[in-house]
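Undergrad: From the sequence below, what's the structure:
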Amino acid sequence: MAALVFAARQVKEAKDSRAMTALLAVHKECQSPTLNKIRRRLRNGELGEPSQLTAEDLSDLSDLLQQFELVGFLVERKLVDLPDVKNVFPNLPRTYAKAWPYIEHRREQDADYAAKLEDLIRRY
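TA: Model (predicted):
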């Protein structure tokens, strides 16, 4: 019986370790100079109208939102825990709110754009 408890604990610890590794990999990507810059510009209201974004800004913003979409996917699949996401990305709801006009604009072509991110924000 003790061996089963030990084995179950090892499986849980391995799962937790993989989950945290995945979450920290996304966090590291989000801390790149490019994504930090676009997040700062978004927060400061420097991007302007969604239809007026430069190709570079559009690409950078899309990359940032894709990273957050990945976080939403990981939570949805229960590969990472929501409390861990909240600790690693405490400002995600604020970033989402600032990005909403761009998400809405993109949804004119793709109705499901950032859907997992939206679901994640509802759970925050």
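Undergrad: So Asn91 versus Phe73, what's the distance?
TA: For Asn91, the distance to Phe73 (CB to CB, to the nearest Å) stands at 20 Å. C-beta here means a position set from N, CA and C on the backbone, and glycine is covered the same way.
Undergrad: out of these two, which sits in the busier spot?
TA: For Asn91 versus Phe73, the count of surrounding residues by other CB atoms under 10 Å is larger for Phe73: 16 against 10.
Undergrad: now the end-to-end length of stretch 65-84.
TA: Counting by CA to CA, to the nearest Å, you get 19 Å between the two ends of stretch 65-84.
Undergrad: any idea of the mean pLDDT in it?
TA: Mean per-residue pLDDT for stretch 65-84: 95.
Undergrad: Next, the buried residues of stretch 30-38.
TA: Of all the residues in stretch 30-38, those buried under the rule 16 or more other CB atoms under 10 Å are 30, 35, 38.
Undergrad: does Ala22 sit in a helix or strand, and which one?
TA: Ala22 is part of helix 2-30 when elements are defined by DSSP states H and E.
Undergrad: ok, then the element right after that helix?
TA: Following helix 2-30 in sequence order, the next helix or strand is helix 33-43 (DSSP H and E).
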